[in-house]
Each structure stands twice: as structure tokens, then as C-alpha cells.
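Chemist: dropping a prediction and its sequence here:
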Amino acid sequence: MRFRLAGTLDDAGWLFELFRKGALPFAREAPVALSDWPQAAPSHPGTALLLALLDTQDAQCEGESLRLTHDRVAGLSRPEAVRLGLPPVVPLTLFLSHDAPIGEPSFALRVEWFQRGGAPIFGARRTGTGLTVTAGRFLILDPLYSALEAINAVNAASGDASPQGLDRRMAAYARFKGHLIRLTGDLRADEYLRGLTIHQATGIGIDLEPGDATAPFLPTLYGDRPEDATTADPQDQGPIPELGREPDREPLLPQHHAKQFQKRFLDQGARSHFTLGNGVYTVLDTPVAAALQVLERVNRADATTRQAFRQDPLAFLTSAIEEAGGDCGVICDLRGYGERVVGVGDWVPPSFSFPLAVSRDWFPAEESEVFTIQIPGDTPLVVRAEEIKVLKDLMVQAQESGDTTCEFNGRPLQLTDDLVQTVQGLAGRMSPVTRDVAEEGMGSGESKGAAITKDNEELLTFLAEQSRQRGQFTPGLPRSLVTVPMPHQTSGLGWLQAGYLAGAPGLLLADDMGLGKTCRALRGGHSECRSCWPTTWGSARPTKSSLFCAGCVNSPSTVGARRWDPSWSSPPRPYWVTGAMR
């Protein structure tokens with residue numbers, strides 16, 4: 001039994017019906033009910049393809065027929081179009097011309113079809129993916145179909161003389177130019193259109209550290225990343241992008257045009273479109289233009305507002321972008337120095353709050369920390385960290401002997417109050433004196449800009465401790481255990497050890513009575529103590545652990561500790577907790 005698939009073209013797409021051919025040559029064809037289409041699928045590949053599209057909801061049922069929209073038909077490969085019995089792909093060339101400059105309301109794109117040899121085609125009429133000419137009907141697939149739809153969008157924006165109408169025309173033309181990237185020899189344009197370039201900005205980046213406190217924040221425009229025409233296979237139709245997914249974006253303008261845009265922005269303020277050169281324009285999506293308006297206001301604001309914007313730009317930008325119909329996905333890049341940077345100021349050499357200016361240097365190759373003390377009117381004093389205490393003792397001895405000088409590394413030193421207090425402060429790593437001191441001998445010249453950062457000593461200490469714990473501690477059950485933990489106890493012990501590896505300063509284990517909190521706490525603490533032993537087990541004394549418990553459970557906990565793990569050299573020392581302390 002043979003089947004025939006017939007496709008009918010209309011404004012909504014292609015409607016496919018399946019017919020069963022009779023056994024006799026002149027027998028009439030009978031339509032096949034949709035429920036019987038699976039029977040034809042093994043012998044008719046077009047039917048199988050339509051049923052597969054129906055399963056993925058790319059095809060819709062209409063009575064006993066299946067419909068494919070023009071957008072879906074345009075995405076078919078050529079072999080798939082052949083399987084569905086569609087017309088041959090159009091073998092013509094499209095030529096574009098224009099009626100007026102794009103700045104005029106009457107601007108429109110005029111479409112003409114030519115044979116490959118150059119002869120014009122008259123009377124061509126397009127209906128979606130179908131092109132009807134005198135010679136017959138042809139099929140229009142992507143990327144040509146998408147380019148033609150974009151041309152219709154450009155022409156639909158014509159006739160509006162308002163600035164908003166110009167923005168719509170420019171945006172529509174920019175989208176159309178994006179479709180041309182995949183077209184090779186299927187389209188030609190007149191000289192004006194070939195020289196007309198419109199960049200559509202769909203995203204924005206902002207440089208949050210322009211150089212100094214008064215320099216303006218500069219924007220960078222971003223656009224959707226086009227498909228690479230050199231690697232795209234016309235026969236390969238990839239998966240449809242996820243709905244709601246932000247497109248991949250990249251910097252939109254060449255470097256010289258990007259700098260021209262920034263200059264125009266500073267001179268002209270925030271606008272929805274900019275002229276960047278002869279026949280070169282950029283048009284901004286409404287959310288991007290809204291973000292640019294916020295940036296213009298911030299650049300004109302006071303220092304406090306600018307600092308607040310630098311620290312939290314989204315607090316300024318989000319509401320304006322959302323009111324314009326966008327979301328924060330249009331913000332592609334906020335270039336700055338990071339969370340630790342709180343501002344920009346003059347560069348100052350590292351120093352301590354001592355009477356004399358002190359700078360500190362670290363030499364990794366020598367694993368040496370060196371301090372340089374600036375002595376007014378004399379050569380700076382260079383002292384290694386391990387020599388600070390020696391120098392302090394020499395000064396104390398000299399002062400006790402009534403001397404006003406001491407010798408250090410062959411150099412005589414005048415024991416001024418400032419020098420003595422500075423060395424004493426370095427020895428104790430403290431700031432005994434707080435006063436402004438002019439740094440003499442540091443050289444002079446033009447000041448340099450530098451980032452002002454928050455102290456991160458606490459974070460670095462935490463990370464160092466975390467690294468130490470990870471390097472010395474292997475999680476798991478202690479090998480010396482003589483009892484097998486319950487599953488919930490094993491899980492709890494793993495949680496305690498994971499917290500230790502993560503660098504947590506403490507953990508709270510809360511469970512019902514009798515479920516083994518003491519057991520798990522002892523096992524977890526015992527593993528951590530063993531990880532801190534400097535050598536192998538048994539050859540060094542373990543770190544002590546303490547168990548805080550109520551007096552009534554003191555004896556059971558002490559005895560239980562050895563029963564769970566006999567390797568304890570001594571039971572944990574209990575601390576009784578009275579009722580008033582609970």
C-alpha cells in the first residue's frame with residue numbers, strides 16, 4: 001500500500017494531509033485519518049517526520065491534518081523538506097535597494113528577485129516560506145526566510161517621523177543586518193545599503209574605576225553574538241534556544257567606534273541612538289538607553305553619590321532597567337577592582353602608625369621580612385624581622401647605661417625618642433603612638449593613583465587555617481574504634497568533620513537524648529586532635545580535648561570515651577556545669 005503526503009500553502013504555514021493510493025492505476029486516493037498515520041510511518045519517511053514533530057509540539061493538529069508554521073518550515077533542512085514533498089529551494093538571488101535615507105520617514109527596503117545569470121524575475125509573490133513565480137513555486141528556508149521577515153519589519157517601521165519612529169527603523173535595520181551574516185551569495189544590495197551600518201546595543205558594561213574620583217564612568221555597548229557564518233552548516237539545524245535564556249553577548253563596536261561612542265556620550269548625554277561616522281550608527285534597546293540615562297545622572301552627581309554608585313551600581317540601575325521593560329541581564333560587565341576596594345586615592349607606601357615612617361617588604365626567595373625605618377636627616381635604617389628584638393635590647397641597654405647612641409650592624413644610631421618608640425612598636429607589632437608624621441626621604445614627584453582597600457587579614461587567616469586543616473586531616477572513621485556507629489551517627493560525624501575542613505570555628509550538634517551526641521562529638525574532636533600531631537601516632541603527645549557535660553553524666557561519659565576508642569591515652573577532662581550555668 002502506498003501513501004502520498006500533500007502540503008497546502010497559506011498565510012499560517014503549510015497544512016499536510018496524508019492520502020492512501022489505490023491498488024489500481026486510476027483508483028481515487030482516499031484520505032487517511034490522523035489516528036492511522038502511524039501505520040504509514042514505516043513506509044513513508046515524511047509521515048514519520050511529521051509525527052516526530054507532533055511529539056515535540058512543533059506540529060499542530062487541524063482535523064485529520066497536521067500544520068507546520070512558516071517559522072518551523074524555514075528551520076527544516078533540505079533533506080527534510082524533500083521528505084515532506086515540499087517545493088524545491090528557491091534558486092534565485094535577492095537584490096535590495098532603498099527609497100530614501102534611513103533618517104527619512106519614507107525609508108523602505110525594496111526587494112527584487114533575479115536569476116543566477118542576472119535576468120530579472122517579474123511577478124514574484126511571497127507567502128511565508130513559499131515564493132510563487134511564473135515558472136512555479138519554490139521554498140524559502142533559513143537564513144533567507146529570516147532575512148525577508150526582517151525586511152518586512154524594517155518596512156513596517158517606515159512612515160513615522162518621530163524620534164521614536166527613527167529608533168524603531170534603526171533597530172529593525174540592525175536586526176536585519178544581523179541576518180545577513182549567514183547569507184553568502186543569495187543577497188546583493190545597492191551602494192547606499194552596502195555602506196549603511198547600524199549596530200544594535202542589547203547590553204551595556206560600565207567601567208567603575210575610571211582612574212580618579214572626578215573622572216566620569218564610561219559605558220561599553222554590547223550586542224548579541226551572531227552565529228559564525230564560516231562554521232555554520234546550512235543543512236544542520238541546531239536545537240531551538242531555551243525560552244527566557246539570555247543571549248550570548250559581546251562588545252558591540254570596533255575600538256575606534258567604541259571610543260567615538262564614549263566621546264559622543266560625554267558630549268551629548270544619554271540618547272537612544274548615536275551617529276558614529278559616515279553611514280555608521282548605533283541604536284540602543286530601551287532598557288540599555290535607560291541604564292545610560294542613569295549613568296549620565298551619576299556622572300553629574302556629587303562625590304558621595306558617585307562613591308555609592310561605585311560600591312553598588314545595581315541599586316541605581318535595576319529599577320530604571322525594569323521600568324523600561326528589561327532586567328539586569330542587559331548589564332554585561334561592571335569592571336572594577338573587587339569588593340575590597342572602597343575608593344581611589346593617592347598612592348602611599350606601606351607604613352605603620354609609628355612616630356617614624358616604616359615600610360615593610362617581603363622577599364619570598366629569601367623567606368625574609370624586612371622593615372625600612374625613615375630617619376629624618378639620615379640614611380634609612382633597614383632591619384630584618386628577626387633583628388628587631390636584638391635592636392630593641394641594644395637600645396634598652398644603652399639607655400640604662402646613660403648613653404644617647406648605640407651601635408647596630410656596625411652603624412651608630414642616635415637614640416631619639418621617635419626612633420626608640422618606633423623600634424619598640426615594631427617589636428610588639430603595636431601602634432604606641434598615633435600622630436601624623438611627614439614621610440621624609442621618601443622622594444618627591446607627581447602623586448600616583450591607587451585603590452583604597454579594606455583590610456582582609458581576618459579572611460586570609462581563615463583561608464590559611466582552612467588550608468592547614470585540609471592538608472593535615474583525612475576525614476572518616478578513626479581506625480581505633482571498637483564499636484560500629486549507627487548510620488545516623490556516621491552521618492553526623494561526617495558533618496562535623498566537613499565543618500572542620502571548611503574552617504568553621506565551631507559547630508552545634510543538636511539531637512534527641514540517647515542518639516549519641518557525646519559519641520559523635522568525641523570521635524570528631526579526637527580525629528581533629530590526631531590531625532594536629534606533629535609526627536606519627538604515638539610518638540608525640542596529642543592535643544588535649546575538653547568535654548562539657550552535666551554532673552550526672554560525668555562518669556558515664558568518662559568511661560564511655562575509652563569504651564568507644566581505647567586509643568585515648570587519657571579520658572577527656574570533664575567540666576561540671578551547674579544549674580546556674582546552664
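Modeler: Thanks, I have it.
Chemist: which residues are in contact with the nearest residue to residue 284 once chain neighbours are set aside?
Modeler: Leaving aside its chain neighbours, residue 284 sits nearest to residue 201 (4.6 Å; criterion: Cβ to Cβ, 6 or more residues apart in numbering). All C-beta spots, glycine's among them, are computed from the backbone N, C-alpha and C. Contacts were defined as Cβ atoms under 8 Å, 6 or more residues apart in numbering; by that measure residue 201 touches 221-223, 252, 282-285, 288.
Chemist: give me the low-pLDDT residue ranges for the stretch 401-550 of the chain?
Modeler: 429-475, 478-483, 500-506, 522-550 (pLDDT under 70).
Chemist: try it again with 90
Modeler: The stretch 401-550 of the chain contains residues with pLDDT under 90 at 401-402, 404, 409-410, 417-418, 420-550.
Chemist: can you check the stretch 201-350 of the chain too?
Modeler: For the stretch 201-350 of the chain (pLDDT under 90), the answer is 201-202, 207-215, 223-257, 271-286, 303, 307-308, 310-315, 324-350.
Chemist: apply 70 and report the result again.
Modeler: Using pLDDT under 70, the stretch 201-350 of the chain drops low at 226-247, 335-350.
Chemist: take the contacts of residue 201 and keep only those in strands.
Modeler: 221-223, 282-284 (DSSP state E).
Chemist: returning to what we had before: farthest pair in the contacts of residue 201?
Modeler: Across the contacts of residue 201, the longest distance by Cβ to Cβ is 13.5 Å; it joins 222 and 283.
Chemist: re earlier: mind putting the contacts of residue 201 into a markdown table with distance to residue 5 and neighbour count?
Modeler: Below are the contacts of residue 201 laid out as a markdown table (distance: Cβ to Cβ, whole Å; neighbours: other Cβ atoms under 10 Å):
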| residue | distance to residue 5 | neighbour count |
| --- | --- | --- |
| 221 | 48 | 26 |
| 222 | 45 | 22 |
| 223 | 41 | 22 |
| 252 | 45 | 24 |
| 282 | 48 | 26 |
| 283 | 44 | 24 |
| 284 | 47 | 28 |
| 285 | 42 | 22 |
| 288 | 47 | 27 |
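Chemist: so which of these comes closest to residue 410?
Modeler: Closest to residue 410, out of all of these and judged by Cβ to Cβ, is residue 222, at 63.3 Å.
Chemist: so that closest one sits against residue 250, correct?
Modeler: Yes. Counting by Cβ atoms under 8 Å, residue 222 touches residue 250, with 6.5 Å between them.
Chemist: measure residue 173 to residue 112 for me?
Modeler: 18 Å (Cβ to Cβ, to the nearest Å).
Chemist: quick one, which of those two is more surrounded?
Modeler: Neighbours per residue, other Cβ atoms under 10 Å: of residue 173 and residue 112, the larger number sits with residue 173, 26 against 15.
Chemist: tell me if I'm right that that one and residue 197 touch.
Modeler: No. Counting by Cβ under 8 Å, residue 173 stays clear of residue 197, with 9.6 Å between them.
Chemist: list the contacts of residue 171.
Modeler: 157, 200, 283, 285.
Chemist: state whether it is indeed within a strand.
Modeler: No. Using DSSP: H, G, I helix; E, B strand; the rest coil, the assignment for residue 171 is helix, not a strand.
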